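# Here you go, sequence then predicted model.
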Amino acid sequence: VTVSLTVKKRSHPEIYPLVLTTKTQEIFNCRIDEDITDEQPYKLINKEDIFEDLRNRAAVSDFHPVKKIVQEYPGNELLLVYDKDFKYGLNFYLIGTEEGKENYLNPPEVSEEQEEYKEYIPEDVYIYKPPVSKPWVSLGSEKEIEEESVTESTKQITYMISRKRSEFGAPIKFSDQNASSVKDAYIECTAYPDKNFTLKQLEKDVGMQVIPQIKDISTQTKWTYPKNATTQYYPREFSEEEKETLKQSKPLVDFLNNASISVEIALQQNEITNTFIDDWKHLAEEEGTFGDKTDTHLKEYQSFTDLQSPMEKMITCVSWHPTIYGLIAVSVAVRLSFEDRVHFSGKLLLQPSLILFWSFSDPIHPQLMLESPDDIFCFKFCPSDPNIIAGGCINGQIVMWDITAHADRIENIKAGGSRSKKATLKPMFLLEPESNKEAMYIRHCAVSSIENGHKRVITDIHWLSDTFEINRMGSVFENRSGICCQLVTCSADCTICFWDIRPQKPFTPQTTEKKKEESIEIPFDVPSTFLHLDLSWKPLTKLRLSKGETSLDHCPTKISLNEDHLLCKTQDKMLAQSKTAKAEEMNPYHNLESGVANLLKPIDDFCTKFFVGTEEGEVIYTDWKMERDPETGRFMPKKPVNLHTIHDGIVHTIQRSPFYDDIILTVGGWNVAIWKESVMTGPLLQSCCAPKRYTSGHWSLTRPGVFYIGREDGYIDIWDLLEKTHEPAQSQNICITMITCIKPWIFSPKQQFIAIADYYGTLHILEIPWTLSRPSTNEMTSINHYFEREVKHLEYVEQRKIIREQEKKEMEQEMAKKKVKIYQKSKEQMEAELKMDYESYLELEKTVLINLGLIKVTEKGSYLDVM
Amino acid sequence: EVEETLKRIQSHKGVIGTMVVNAEGIPIRTTLDNSTTVQYAGLLHHLTMKAKSTVRDIDPQNDLTFLRIRSKKHEIMVAPDKEYLLIVIQNPCE
């Protein structure tokens, strides 16, 4: 409907729709259905009538909106049409022009013809009609064409030029001519200043700046040769008296009074709040994560097994090479109990006991194999020289290796891997044994003396730091040599020994002769670094961990010295030093003499205490310094400072935290304990018993609150002190058997590995995920707070114990007093009580008998006689 | 009295050191060791002079009353005067 309306409006602009109320309809006699019917839906209305209505009713009048049109209307009578169908929107409409009126009253008859014409054409068949050319109707496009077309504006001039025919094609001669000499040879258009085109600049924008007066002066100096010149200065200072006089002077006092006000305001401002804190930065944990943040599992990276050994082996100790990436050394031992060892001792002798060097690039062949006389239970790389390795044997000997000769071989391991691929093309029997692919057997170069050393298996070995050394009495001296030269071992024969790898001054000339007789032929490929020690190496001092009067002694399994004692301070200088050392001398150990200690003064305030873990599960804190026993006059080791029995089984890990010097982790039996060195009352944290035995443990190297514990069922428990302190935060299965050793290692900030050795001889290398290797921002301070809280808690518990003891005493005293009070009643009172009891009993008996019907009530008198 | 004031300032939380320096940069009274004091005095004296001249260049009627330098580790506060300089070093955060 709307479409037709607009169409009609366009074609009939003279239609003005109107609303006429019934009142108006009555006035003008155009009531619907009475004056205006379907046959005659219009009415002619006089203009005068409309004007009268307008005057009478003004704005209320229905003709008010069309007032103007009515006024302008040329004729006298306007046509008002009843719009029954609301074609124009309202119920009446007024036709505003004479023309329109005529059109309405006499509609043209064209429409009828068109409708008839259309009916003739059948709609289903389409007959092709070729286009009929019609005369061209101009719509104004030829004007554009005229404008665009190019016509000649002026008539073209034609010239006719003629020349003699013979002159065409004649050779031409060019010559130079000065243009100005010949008149009319050229026409020139000189430029001239035309007044019409000159502009005079009336305004100019110029920037100005005031600068101080600058003078540029240069001079030339006589340049002589460069000379070194130095100046030395010292700051001007006031002497003491001057300072005193100034202090008293009034201006200083006034100044301080004034200045201190503002200074104190500023200080207080800083104390109240730190205005420069970026809250957003401190809210967020880390800027970017490397790897998946939700991934908290250790990912398996590689695993190594020795496939060639015939007997079943277990891994006893694991150590990463301190400098070379991807090299890890593993000591293997045969998996037999003591009786089986004795039984198979013949077979065992034939097999070499080895320390294997594995590299990430070759998981099948070990790179180096270090041979030892018997199974090694613990070994360590020398911190100052990673080519020296010291290991402790099952028979109590210390074994030393020197792999300097093979150092370059293990440094460039990656090159070996690619060669093997080419070699596989040849058939096996044509293959020459590639000497550099075979793992080299390296014999040990020194073992300690069998009689003087330990008698049973060495359970722990450590290199002492290169900053100090000790002498026979246990006093500490400064180590001038700059390399690690002393070891400490503990063994199951209840002793702790300190060893020195430098040659000892011979005490008597007799012993040297003896040594010559016993010298054994050494194979030529063994380095002679420790020749002076071989088979005659005695410990420097021996400490026996005795339990007092009884003959039983503590059996140490692990020791932990203060970290200062173990850290090698010259590690940076080491690389530079080692190169120069190699050029000068191959054997630094030969030239050092251990007697230097006698010339130096001992360091007094050195902490000589250390922790020992024993086989029975005790943690002992003792001192290695000897003291004079007043009774016997001999030097005796001091009694232990502290002893705690916490664990139910062997303590197999005592380790200091890499972040705190005095926090120690001990793992043994079924639980874990964390200690602080200065707190003697007990452990800071002691875990409850785990379902499975804990067999190995290690702190995390980067996160202060995380440590890894290995269980006997092959699971590794990851404890996070920030998350939970009563149980491990995570548990992950690594292998099917007992875990014997855990060692994490950092290669780069993004790559951290953990080496886990199990009982079946397999070494698993896993990668530590981002979440476990990256500490959170406040982790150190949080863990600090946690430990402080625990210390306070322990102190509180101690105090409470004391208070409780007192309370208990008081309570006992009160109880004793009460007992005294109710002690004695007088004898008469007791008799009276008894009598009363007896009488009440008689009454009771009477009532019972009456109830039973055995006695008649009337026979009260004879009842007593009967009784 | 001088001692009291200085002691009071030194006892504020986080204050690492306090020193009084004369107009030429020679320390008069200090709580730090000598070498540190001399270094601070020399450097801060120059800086204070520069700051003072900057302020006066911009507006000759203005003058420097207080100078605070906030660094990552601490905050150095300098209260200048015609003849003396009071320098306080404080560690604002925990």
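Yep, that arrived. In this text, all values refer to a predicted model and were calculated from it rather than measured experimentally. Numbering: from 1, shown residues only, chains lettered A, B, ... in the order given.
# Not counting sequence-adjacent ones, nearest residue to residue A:27?
Once flanking residues are discounted, residue A:27 sits nearest to residue A:53: 6.2 Å by C-beta to C-beta, 6 or more residues apart in numbering or on different chains. Just so you know, the C-beta spots here come from the backbone N, C-alpha and C atoms, and that holds for glycine as well.
# pretty sure the one you found is in a helix, no?
Yes: counting by DSSP: H, G, I helix; E, B strand; the rest coil, residue A:53 is found in a helix.
# residue ranges for the strands of chain B, please.
B:15-22, B:27-30, B:67-70, B:75-80, B:84-90 (DSSP state E).
# What is the burial count for residue A:683?
21 (other C-beta atoms under 10 Å in any protein chain shown).
# before we move on, what about the one 10 residues further on?
Residues within reach of residue A:693, counting by other C-beta under 10 Å, total 18.
# What of residue A:133?
By the measure other C-beta under 10 Å, the count of residues near residue A:133 is 6.
# and it, what does it touch?
Residues in contact with residue A:133 (C-beta atoms under 8 Å, 6 or more residues apart in numbering or on different chains): none are found.
# where does the residue of the stretch 51-200 of chain A found nearest chain B land on pLDDT?
Among all residues of the stretch 51-200 of chain A, residue A:200 sits closest to chain B, at 42.2 Å; criterion: C-beta to the nearest C-beta. Predicted confidence (pLDDT) at residue A:200: the value is 83.
# can you check residue A:274 too?
On pLDDT, residue A:274 comes in at 74.
# these two touch, right, it and residue B:92?
Yes: between residue A:274 and residue B:92 there is a contact at 5.3 Å, judged by C-beta atoms under 8 Å.
# related to what we said a few turns ago, the residue of the stretch 51-200 of chain A closest to chain B: helix or strand, and which one exactly?
Counting by DSSP states H and E, no helix or strand carries residue A:200.
# Pull the number of nearby residues for it.
Residue A:200 is flanked by 4 other residues according to other C-beta under 10 Å.
# just residue A:837 next, same as before
Using other C-beta under 10 Å, residue A:837 has 9 neighbouring residues.
# With chain B as the reference, measure out to it.
In this view, residue A:837 and chain B are 78 Å apart by C-beta to the nearest C-beta, to the nearest Å.
# Secondary structure element holding that residue?
Residue A:837 belongs to helix A:827-852 when assigned by DSSP H and E.
# Who are the packing partners of that helix?
With contacts defined as 3 or more C-beta pairs under 8 Å, 6 or more residues apart in numbering or on different chains; DSSP states H and E, helix A:827-852 has no helix or strand neighbours.
# Let me see the mean pLDDT of that helix.
Mean predicted confidence for helix A:827-852 is 87.
# follow-up on the earlier one: from residue A:26, how far out is the residue nearest to residue A:27?
Look at residue A:53 and residue A:26: by C-beta to C-beta, to the nearest Å, they are 11 Å apart.
# So between these two, which is more surrounded?
Between residue A:53 and residue A:26, residue A:53 has the larger neighbour count (other C-beta under 10 Å), namely 19 against 13.
# tell me the phi and psi of the nearest residue to residue A:83 once chain neighbours are set aside?
Spatially, and ignoring its direct neighbours in sequence, residue A:83 is nearest to residue A:93 (5.2 Å; C-beta to C-beta, 6+ apart). Per-residue torsions, residue A:93: phi -140, psi 150 (degrees, to the nearest 10).
# Report the secondary structure element holding residue A:718.
Per DSSP H and E: residue A:718 is located in strand A:715-720.
# Which elements pack onto the following helix or strand past that strand?
Using DSSP H and E, the helix or strand that follows strand A:715-720 in sequence is strand A:730-733. Using 3+ C-beta pairs under 8 Å, 6+ apart, the elements in contact with strand A:730-733 are strand A:715-720.
# The strand it packs on pairs with which strands?
Applying DSSP bridges, strand A:715-720 is found paired with strand A:706-711 (antiparallel), strand A:730-733 (antiparallel).
# one step back: ok, and what's touching the strand holding residue A:718?
Here strand A:715-720 has contacts from A:298, A:672, A:690, A:692, A:694, A:703, A:705-711, A:728-734, A:739, A:742, A:756, A:772, using C-beta under 8 Å, 6+ apart.
# Start and end of stretch A:240-259, how far apart?
When the termini of stretch A:240-259 are compared using C-alpha to C-alpha, to the nearest Å, they are 24 Å apart.
# So among the contacts of strand A:715-720, which ones count as buried?
Neighbour counting with 16 or more other C-beta atoms under 10 Å in any protein chain shown marks A:298, A:672, A:690, A:694, A:703, A:705-711, A:728-730, A:734, A:739, A:742, A:756, A:772 as buried within these.
# tell me which parts of chain A are close to chain B?
Neighbours of chain B within chain A, by C-beta under 8 Å from any C-beta of the partner chain: A:235-238, A:243, A:246-247, A:251-253, A:255-260, A:262-264, A:266-268, A:270-271, A:274, A:276.
# For the residue nearest to residue A:650 when sequence neighbours are not counted, grab the count of nearby residues.
In space, and not counting its chain neighbours, residue A:650 is closest to residue A:615: 5.0 Å by C-beta to C-beta, 6+ apart. The number of residues packed near residue A:615 is 17, by other C-beta under 10 Å.
# give me phi/psi at the residue of the stretch 51-200 of chain A closest to chain B?
Main-chain torsions, residue A:200, degrees, to the nearest 10: phi -100, psi 130.
# The lengthiest helix in chain B: which residues count as buried?
In chain B, assigned by DSSP state H, the helix with the most residues is helix B:34-58. For helix B:34-58, a neighbour-count test (16+ other C-beta under 10 Å) marks B:37-38, B:40-42, B:44-45, B:48, B:51-52 as buried.
# Am I right that the residue nearest to residue A:650 is in contact with residue A:545?
No: look at residue A:615 against residue A:545 with C-beta under 8 Å: they stay out of range, at 11.0 Å.
# Distance of residue A:95 relative to residue A:79?
With distances taken as C-beta to C-beta, residue A:95 is found 4 Å from residue A:79.
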